[in-house]
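Chemist: sequence first, then the predicted structure, then my questions.
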Amino acid sequence: MALATTRTGQAPAPRPEPGAPAASGPGSHMKKLLLATDLTDASASATDEAFELASRLDASLLVVSIIDPGSLLLPGGRFRVRVDQVRERREQLAQELVERGRAAGIEVSFLIWTGDPGDMIIEAAEAEHADMILVGSHGRGAVGRLFLGSVSEHVVRNAPCPVLVVRPREGPVN
């Protein structure tokens with residue numbers, strides 16, 4: 001399992017055994033999970049965790065991917081790739097997640113927006129009435145956040161609901 005913490009610093013609830021009845025305690029009221037992802041391999045741990053949690057809670061999953069136009073610029077202001085090209089690729093990848101959800105019995109939908117990732121994730125969570133946000137972390141640590149900023153940190157500080165930050169897996173789990 002990926003190392004994960006919640007906004008409150010608590011570990012996620014233990015997973016029930018396969019075939020066990022659905023939980024009726026904390027978290028069982030969560031019906032819409034929002035996965036904030038750039039749809040790259042770097043966010044695979046968060047994606048896997050979102051699918052596992054949605055399945056366990058019998059919740060729907062909304063995949064939100066934000067295209068940051070500033071990240072597409074070359075020095076000098078020219079675009080290295082067009083926004084519509086990035087959007088098309090992300091739509092293909094998001095559709096694969098919809099199919100993955102269908103195969104697992106999870107309702108999956110997606111939104112692809114353009115703007116500041118941190119702010120847009122918060123807006124999507126509010127607009128879609130998400131019960132929880134799952135977001136990946138690149139694991140840069142305190143120094144990386146100081147110099148690079150952190151979308152996940154922004155989301156944790158400003159979200160209208162609980163946030164689960166999922167760090168990448170270190171390697172094979174035995």
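Modeler: Arrived safely.

Chemist: helix or strand next in line after the helix or strand of the chain with the lowest mean pLDDT, which one?
Modeler: Among the helical and strand segments of the chain, the one scoring lowest on mean pLDDT, DSSP states H and E is strand 4-6, with a mean of 38. As assigned by DSSP states H and E, the chain's next helix or strand after strand 4-6 is strand 32-36.

Chemist: what about Gln92, helix or strand, and which?
Modeler: Counting by DSSP H and E, the element that carries Gln92 is helix 83-104.

Chemist: right, and the helix or strand after that helix?
Modeler: Scanning the chain past helix 83-104 towards its C-terminal end, the next helix or strand to appear is strand 108-114 (assignment: DSSP H and E).

Chemist: strand 32-36 and that following strand, what's the angle between them?
Modeler: With axes from the mean of the first three to the mean of the last three Cα atoms, to 10 degrees defining the directions, strand 108-114 sits at 40 degrees from strand 32-36.

Chemist: what lines up beside strand 108-114 in the sheet?
Modeler: Strand 108-114 has its sheet partners listed here by DSSP bridges as strand 60-67 (parallel).

Chemist: can you list contacts of the partner strand?
Modeler: Under the contact criterion Cβ atoms under 8 Å, 6 or more residues apart in numbering, strand 60-67 has outside partners 31-39, 50-51, 54, 83, 86-87, 90, 94, 97-98, 101, 106-117, 120-121, 124, 128, 130. Every C-beta, even on glycine, is put in place using the N, C-alpha and C of the backbone.
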